[in-house]
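# Only the shape, not the letters, is given here:
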């Protein structure tokens, strides 16, 4: 599964709105195609949007024949305008467009060939894509060292390539890297209610990447550990405090405590940009969302109710895992082990 | 909510097939009505089926005027035949019909009045109903002693009155008893995938009985304990071994370990008939069911898919909770506390 694929003259984008019920790809051959794909959420997630927009700038120069550099720069300015209006809050979008625009100006001062300008921009877009991947690859390499052939990894939610747009992801990166290294790794993916990212996205993504994956209900977590069906737990993170507290998808705390009780290593995988050096555990508010997320379920037939519409619901999105349940935190700068409050700081200072 | 209500000349049965989306009652005024209700699963669960069939024998004598005892006994034999063919595996069905038939013979030897025969059978059916309730009431009384006003009980699945047919249940009995004693008790009910008995039945049952109930996703179990939103855990049981191992609905082990970690009392509630004095923990096979139960979800629009149809699934129905995580086991004969392997035996011997 490639959420974003560049084919020299067009982008092939996985339509994430249809997952997992339909694996549909959308081809973007014009700037308006690219803008629509971002606006209509064919592509989701800040890094993915940035990468897509960058290639949109390259596409701008292929749409129709352009005679000279000045016309090319005008075309690029117009494309930048169109693309920047697709999603107002995605910071990566503006960052990527600015970077591509600056590159165009710099190239135009050195050449009068439209072809060379286009080649230079294509190289820059590829570079943005590659840099996004780089942090995840490093996380994958560190994580893969902890995996032995035949291991089964338990994860939660989707901290995969669909979420980050690169196709690699954070918690999934070591699994993909281990596979490349010839290690046979299996995954157990819990459904992860209420949004079921495990059932809808993780299972889809891993199976499509040739990883043997088994879906379980969230209730079966204890039994799969009791029965020693899990060798190691790998999860993502939404926010990591310097003392080692980890905020992540609701259900992570359950996995951490169960793993601790059964003596199964529990790792958190995230780039160091996820580390919040300022907050204390009590100052972080745990977001609660619409009760209907628990009252309903996302299915092949849309959102449907699984209980009565007026049932009282508590729907926290995240939970917090205290550092004592965490074996280690894997970042692109290395692995922090216990004591986390000491070693996370060391990791950040060393680089 | 009354799953079964006797109104002197008819049964009013809650149609459990429609729950929680429709609260529909079915009236049974003839033997064929009663047979259909059992056959079509308007009424479910062995005790509920037994009670329903017993009242079916009373209804047999009201359908049309009967002149003499002999005709009455013939009518009862016919009714017994019809009712016994509804569900082949429900042991309580045959037990209840035999008991009603024997009672009829005994009454017929003492009176020639059809009216007196009918009154005697009505009293016997009520007695069967009352005896079913008795064990649950005792469990409720023992359990209610552990509840303080303002407590919040965490449960799992539906070990309620809908499951046992009495309207009281096992794990829910202390909550209802405490409410009668004027104690204000709240409940947190996890959805309990894959069958969602928590979301579909427990929440429905408790709210209809005036108990303040909050539904959570199974993933939120850890957080509600971390945040001290739970004072005590009360769950049912499918099988209890003499050494204290408890087999119950998948997800029970998660709750037990999390409660243990957070120092929250964890109680199992079940009649002593649930105790299996012969098996060892390794000899009990944990049933695995159709993968489609996890791939789909039961909704207001029927069963719909939440993931791809060919995803590999592990779908165990039960898990096993080791005795070290259990604070006590509450039966109609009293409460067995630690060490369970000693005190469960004592409990059985004392009575």
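Cool, the structure landed. The model shown is predicted, which means the values in this text are computed figures rather than measured ones.
# what's the average pLDDT for the longest helix seen in chain A?
Counting by DSSP state H, the longest helix found in chain A is helix A:114-144. For helix A:114-144, the mean pLDDT works out to 94.
# Following the chain onward from that helix, which element is next?
Counting by DSSP states H and E, the next helix or strand C-terminal to helix A:114-144 is strand A:152-154.
# Show me what whichever helix or strand comes after that next one packs onto, helices and strands only.
Sequence order places helix A:161-164 as the next helix or strand after strand A:152-154, per DSSP H and E. Helix A:161-164 is packed against helix A:203-208, with contacts defined by 3 or more CB pairs under 8 Å, 6 or more residues apart in numbering or on different chains; DSSP states H and E. Yep, even glycine has a C-beta here, placed from its N, CA and C like the rest.
# and with 10 Å instead?
For helix A:161-164, the helices and strands in contact under the criterion 3 or more CB pairs under 10 Å, 6 or more residues apart in numbering or on different chains; DSSP states H and E are helix A:46-60, helix A:114-144, helix A:173-180, helix A:203-208.
# So for chain B, which of those sits nearest?
helix A:203-208 (5.2 Å; CB to the nearest CB).
# who does that closest one touch, helix- and strand-wise?
helix A:161-164, helix A:173-180, strand A:186-190, strand A:212-216, strand B:312-313.
# Make a markdown table from these and add mean neighbour count to it.
Shown next, in a markdown table, are those (neighbours: other CB atoms under 10 Å in any protein chain shown):
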| stretch | mean neighbour count |
| --- | --- |
| helix A:161-164 | 26 |
| helix A:173-180 | 23 |
| strand A:186-190 | 25 |
| strand A:212-216 | 22 |
| strand B:312-313 | 18 |
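# mind checking which of those is nearest residue B:333?
Residue B:333 lies closest, by CB to CB, to one member of those: strand A:212-216, at 36.5 Å.
# May I have the strands that pair with the closest one, each with its orientation?
Strand A:212-216 pairs in its sheet with strand A:186-190 (parallel), strand B:312-313 (parallel), by DSSP bridges.
# Quick one: name whatever helix or strand follows the longest one.
Scanning the chain past strand A:186-190 towards its C-terminal end, the next helix or strand to appear is helix A:197 (assignment: DSSP H and E).
# So which residues lie in contact with that following helix, not counting its own?
Outside helix A:197, the residues that touch it by CB atoms under 10 Å, 6 or more residues apart in numbering or on different chains are A:156-160, A:162-163, A:189-191, A:203, A:205, A:249, A:298.
# returning to what we had before: select, out of the helices and strands packed on helix A:203-208, the one closest to residue A:307.
Going by CB to CB, the one of the helices and strands packed on helix A:203-208 nearest residue A:307 is strand A:186-190, 20.5 Å.
# The closest one vs helix A:173-180, what angle?
150 degrees (axes from the mean of the first three to the mean of the last three CA atoms, to 10 degrees).
# re earlier: filter the contacts of helix A:197 to the buried ones?
By neighbour count, with 16 or more other CB atoms under 10 Å in any protein chain shown, these hold A:156-160, A:162-163, A:189-191, A:203, A:205, A:249, A:298 as buried.
# so which of these comes closest to chain B?
Closest to chain B, out of all of the buried ones among the contacts of helix A:197 and judged by CB to the nearest CB, is residue A:203, at 5.2 Å.
# wait, isn't that closest one in contact with residue A:212?
No - using CB atoms under 10 Å as the test, residue A:203 is too far from residue A:212 to be in contact (11.0 Å).
# Need the overlap of contacts for the two.
A:187, B:312.
# can you give me the offset of the helix or strand bottoming out on mean pLDDT in chain A from its chain's centre?
Lowest on mean pLDDT, DSSP states H and E among the helices and strands of chain A sits helix A:161-164, with a mean of 82. In this view, helix A:161-164 has its centroid 3 Å away from the chain centroid, taken as CA atoms, centre = their mean, to the nearest Å.
# now do stretch A:110-130
So, by CA atoms, centre = their mean, the centroid of stretch A:110-130 is 26 Å from its chain's centroid.
# residue contacts, the residue lying closest to residue A:218 once chain neighbours are set aside?
Among residues not flanking residue A:218 along the chain, residue B:218 sits closest, at 4.0 Å (CB to CB, 6 or more residues apart in numbering or on different chains). Contacts for residue B:218 (CB under 10 Å, 6+ apart) come out as A:190-194, A:217-221, A:250-251, A:254, B:156, B:190-193, B:196, B:198-199, B:250-251, B:254-255.
# redo that, cut-off 8 Å
By CB atoms under 8 Å, 6 or more residues apart in numbering or on different chains, the contact list for residue B:218 reads A:193, A:217, A:218, A:219, A:251, B:190, B:191, B:192, B:193, B:251, B:254.
# Surely residue A:185 touches residue A:151?
Yes - Residue A:185 is within contact range of residue A:151, at 5.6 Å (criterion: CB atoms under 8 Å).
# which residue ranges form the helices in the stretch 201-350 of chain A?
Ranges of helices in the stretch 201-350 of chain A, per DSSP state H, counting those that start in this stretch, are A:203-208, A:221-226, A:252-262, A:292-295, A:340-350.
# Alright, calling it a day.
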